[in-house]
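**Q** need a 3D model of the sequence below.
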Amino acid sequence: MLQSLPRERSSDKHLVFAWSQQLSRSMLAWVWAVRLPFMAFAYGAAAATSDYSLFWWLAFSPVFFAFVELTSLFLFPVGLIVYFVGGNPWLALILTASLLIVVVDSSAGFTCTKHQVELLQADLLSGASRFRLEELDVDEELLKGFPTYSTKKKGWELSRRLITFNREFVSFLTKPLRVFQFEPLGRVSVTGAAVAFSFDRYPSLIFVRNRIEALSDAQMFQLFHELAHGTPEGRSPRERAVRWDICTHIYGPIACLVLIPSCIATVVAAPWHVDGWMACGALLVANALRNRTRSLVADLTDGASEALADAVALAHPRYSLDDKWIERAQRLSLRLSDELSTLKPIDERYFPTLLRRASLQRWLTRGEVLPYYGYDVHWPYLLPAVALFAMSGYFAIYVHALPAPIFWGTGFLTVLATSVLARNGLMSHQLLLKVDSALTERLKNATTG
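**A** Residues are numbered from 1 along each chain as shown. Below is the predicted model:
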């Protein structure tokens, strides 16, 4: 059990959980089958049109989806081969449509990058300069509690060796973290000792109010908290919510053009037959469960992000080795309780604050900082949703007569969607160039001033 690891290995434990969190998003086929329900729908149709599709899908899907994010770029031609060789067209549709997973991940990364850049340009790097910046050296001892920074650095080193055709796109991949001291110019209201901006293709930026050696214990904990936000796993809760939004935009047109008409047509063709009503009912309930799952992910995003950062910060050797985390967690829990007393349940900050305090109290009760495992696998909603989407495809008999147009229509939409991959990469790079230029200019002005 990971929970039985000794205290001094707490950072390793958090590293294991961080990467298992990333892997679980790919391994669990039903997560993507609910994010993009037409995949589950196609699975049901495949099972209805072939005696062996169900068996092969159950046997192959765990292995397939474990590596789907690495292999999705190659699955479209595989789907074409399966289609033309005479295999089940619905199985071919699942293979080709899985290419959308790469599109969704790329778009989510770009959306989060754009949001972070906008926040920077609106405040610390705004045109009307209100802060003086100075870049600080980061002690390696400080980063011992954040092992995924070193993992990110190793990944970037590999990228620089492999990507030789366009060196500009890997020019930022030098170090995973940059820390700056910001000093307000004039009467500028500043709240908080530190703030983080996390990027995947640029160093995470951490801004602190004072020099690191001058920070109080409470300020040092806030620095660790922001350092946790800058890690890859610290960025994942917000990317998860964005993925669901993007998938909903993709799923909407396909549902209106394929899923809903197929179920309704089945009822119209044989209103006295139970299949059409089963398909419509299953699709209706499955959509309700999917919407509930998406709503839960959105509601948990802010609270999950803060609880994860607390877990990583409290597990830092500065707090974990001598159980100093207990006093820090108690103080933080009391502060959050005071904050909750001033908030109403309808306030935007109420639920995230409640979730953060609940996590702290659970750790204090257990006597151990448990890694916060953020995920979007809400079993009571996801698993029934997968089964119901597949059931709707199984019973929508009318759709079984139209595999070719549906296959080519979805394939066309998939190829069209992949055009955003290059756009996302280019636009992300342009945004990061603006940030890098603004930082360079601000540091230069501070030196000459």
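**Q** in the stretch 1-150 of the chain, where is pLDDT below threshold?
**A** Residues of the stretch 1-150 of the chain meeting the criterion pLDDT under 70: 1-30, 50-76, 78-80, 82-83, 86-88, 128-129.
**Q** all strands for it, in order.
**A** 131-136 (DSSP state E, counting those that start in this stretch).
**Q** please enumerate the helices of it.
**A** Secondary structure of the stretch 1-150 of the chain, counting by DSSP state H, counting those that start in this stretch: helices at 10-27, 29-35, 38-49, 53-66, 68-85, 89-97, 99-122, 147-162.
**Q** can you check the stretch 251-400 of the chain too?
**A** Under DSSP H, counting those that start in this stretch, the stretch 251-400 of the chain gives helices at 260-269, 274-314, 317-320, 325-341, 350-366, 379-395.
**Q** want to throw these into a markdown table with distance to A97?
**A** For every residue, glycine as well, the C-beta is placed using N, CA and C. As requested, these are exported to a markdown table (distance: least, Cβ to Cβ, whole Å):
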| stretch | distance to A97 |
| --- | --- |
| helix 260-269 | 16 |
| helix 274-314 | 17 |
| helix 317-320 | 45 |
| helix 325-341 | 43 |
| helix 350-366 | 34 |
| helix 379-395 | 13 |
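**Q** tell me which of the ones you listed lies nearest to P253.
**A** helix 260-269 (11.0 Å; Cβ to Cβ).
**Q** could you dump that closest one to CSV, C-alpha only?
**A** C-alpha atoms of helix 260-269 as CSV (Å, rounded to 0.1, in the frame of the first residue of the first chain):
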residue,chain,number,x,y,z
ILE,A,260,-30.9,11.4,-31.5
PRO,A,261,-32.2,11.0,-35.0
SER,A,262,-31.2,7.3,-35.0
CYS,A,263,-33.1,6.6,-31.8
ILE,A,264,-36.2,8.6,-32.9
ALA,A,265,-36.2,7.0,-36.4
THR,A,266,-36.2,3.5,-34.7
VAL,A,267,-39.3,4.5,-32.8
VAL,A,268,-41.0,5.9,-35.9
ALA,A,269,-40.2,2.9,-38.0
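**Q** what residues of that helix count as buried?
**A** Residues of helix 260-269 classed as buried: 260, 262-267 (neighbour count, 16 or more other Cβ atoms under 10 Å).
**Q** for Q116, which residues are in contact?
**A** 197-199 (Cβ atoms under 8 Å, 6 or more residues apart in numbering).
**Q** adjacent strands (with direction) for the longest strand belonging to the chain?
**A** What stands out as the longest strand in the chain, according to DSSP state E, is strand 177-184. Strand pairing for strand 177-184, using DSSP bridges, gives strand 131-136 (antiparallel), strand 204-208 (parallel).
**Q** how distant is stretch 104-121 from the center of its chain?
**A** 12 Å (Cα atoms, centre = their mean, to the nearest Å).
**Q** oh, that last question was meant for stretch 287-306, not what I typed.
**A** 12 Å.
**Q** can I get the CA coordinates of that stretch in CSV?
**A** What follows is stretch 287-306, C-alpha atoms only, in CSV (Å, rounded to 0.1, in the frame of the first residue of the first chain):
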residue,chain,number,x,y,z
ASN,A,287,-27.2,12.2,-21.2
ALA,A,288,-28.6,13.2,-17.8
LEU,A,289,-25.8,11.2,-16.1
ARG,A,290,-23.2,12.7,-18.4
ASN,A,291,-24.3,16.2,-17.6
ARG,A,292,-24.3,15.4,-13.9
THR,A,293,-20.7,14.1,-14.2
ARG,A,294,-19.6,17.2,-16.1
SER,A,295,-21.3,19.4,-13.5
LEU,A,296,-19.5,17.6,-10.7
VAL,A,297,-16.1,18.0,-12.4
ALA,A,298,-16.8,21.8,-12.8
ASP,A,299,-17.9,22.2,-9.2
LEU,A,300,-14.8,20.3,-7.9
THR,A,301,-12.2,22.1,-10.0
ASP,A,302,-11.3,25.0,-7.7
GLY,A,303,-11.5,23.0,-4.5
ALA,A,304,-9.6,20.0,-5.9
SER,A,305,-6.8,22.3,-7.2
GLU,A,306,-6.4,23.9,-3.8
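**Q** rewinding a little: which of the buried residues of helix 260-269 lies closest to L364?
**A** For those, the nearest to L364 is I260 (49.4 Å; Cβ to Cβ).
**Q** could the contacts of Q116 go into TSV alongside distance to D338 and secondary structure?
**A** Below are the contacts of Q116 laid out as TSV (distance: Cβ to Cβ, whole Å; DSSP: H, G, I helix; E, B strand; the rest coil):
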residue	distance to D338	secondary structure
F197	28	strand
S198	28	coil
F199	34	coil
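**Q** right, I'll leave it there.
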